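Enquirer: could you look at this predicted model? Sequence included:
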Protein chains: 2
Amino acid sequence: MSYELRAIATVRCERTELIDDGWDAFESRLELAADIPSEALAGLESFSHVDVICVADRARDVPPDPWARHPRGNTEWPLVGIFAQRNKDRPNRLLLSTTEIVRVEERRVIVRGLDAVDGTPVLDIKPVFHWSGPRTAVRAPSWSDELGDTYF
Amino acid sequence: MSYELRAIATVRCERTELIDDGWDAFESRLELAADIPSEALAGLESFSHVDVICVADRARDVPPDPWARHPRGNTEWPLVGIFAQRNKDRPNRLLLSTTEIVRVEERRVIVRGLDAVDGTPVLDIKPVFHWSGPRTAVRAPSWSDELGDTYF
């Protein structure tokens, strides 16, 4: 089965190249699509963070990209399946980023640390609740910690 | 712009009715679609949690549902925009759930606390890293905390 989804906003930021790291260096704006009324953002200023779901429209799908790979092509890290990594080159090319709200303006949300380049289509914006993340201790392999050292 | 996305897995669980609460009461299985090779899940057993993105294919889109509303129709809670709540009846009808992995089996992932009914199409599965959630303190309004009292 397939589903047709539409952009509800667009990412505007200073980064235009597909670089992997350093996402905290700049702010990004999520600008509502013309057909979405301003009231869709009402009350968002009461929250500190949003979960942002985007389509990485400049990434590659799987296939042609492989179903399992070494993250970042680093053979010191294990060969893992695409659903055990957060690589943008994946089936459906969905990005999920939990980012801090800097402020909410008329028809846009300013965030910091969003790992999406300028022009990326946004499919959804959800507020982060105190209980919407993991509710038990997180366990993750060391390669994913190492990848985080330079990410933001 | 619109994007055609495909189901990469299907939710199988005992809940078939659209009930809002009590999602921790049962386990769910994310069963890979027939065209996805098993290696796509390789290494996922090293993680404790996954972020699961689904299409709530039995929910209502916006419009016809309103752009702002009282969560759960409770007028004691504020009138907030659809992007300031996590209601399933929303533009693109995307669900995002961070759930605990019970175990990974051949071609399926067993999770607990997934807020999706039986048959729901899954668009993506991502592992939760130590740093993929909020990296600063979360602030959220009291109505969202109250909503969480009965959710799981």
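Expert: Done, it's in.

Enquirer: A:Ala25: neighbour count?
Expert: 11 (other CB atoms under 10 Å in any protein chain shown). The way it works is simple: take the backbone N, C-alpha and C, and place the C-beta from them, glycine included.

Enquirer: ditto for A:Ala140
Expert: Around A:Ala140 sit 18 other residues, with neighbours defined as other CB under 10 Å.

Enquirer: break down chain A into its helices, ranges please.
Expert: For chain A, applying DSSP state H gives helices covering A:142-148.

Enquirer: please, where are all the strands along it?
Expert: A:2-6, A:9-12, A:27-32, A:49-55, A:68-69, A:80-81, A:94-105, A:108-112, A:121-127 (DSSP state E).

Enquirer: adjacent strands (with direction) for the longest one?
Expert: Its sheet considered, strand A:94-105 pairs with strand A:49-55 (antiparallel), strand A:108-112 (antiparallel) by DSSP bridges.

Enquirer: a markdown table please, covering the strands of chain A and showing distance to A:Leu18, mean neighbour count and mean pLDDT.
Expert: Listed next are the strands of chain A as a markdown table, based on distance: least, CB to CB, whole Å; neighbours: other CB atoms under 10 Å in any protein chain shown; pLDDT from 0 to 100:
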| stretch | distance to A:Leu18 | mean neighbour count | mean pLDDT |
| --- | --- | --- | --- |
| strand A:2-6 | 22 | 16 | 97 |
| strand A:9-12 | 13 | 21 | 98 |
| strand A:27-32 | 15 | 21 | 98 |
| strand A:49-55 | 13 | 25 | 98 |
| strand A:68-69 | 17 | 20 | 98 |
| strand A:80-81 | 21 | 24 | 98 |
| strand A:94-105 | 12 | 20 | 98 |
| strand A:108-112 | 19 | 20 | 98 |
| strand A:121-127 | 15 | 24 | 98 |
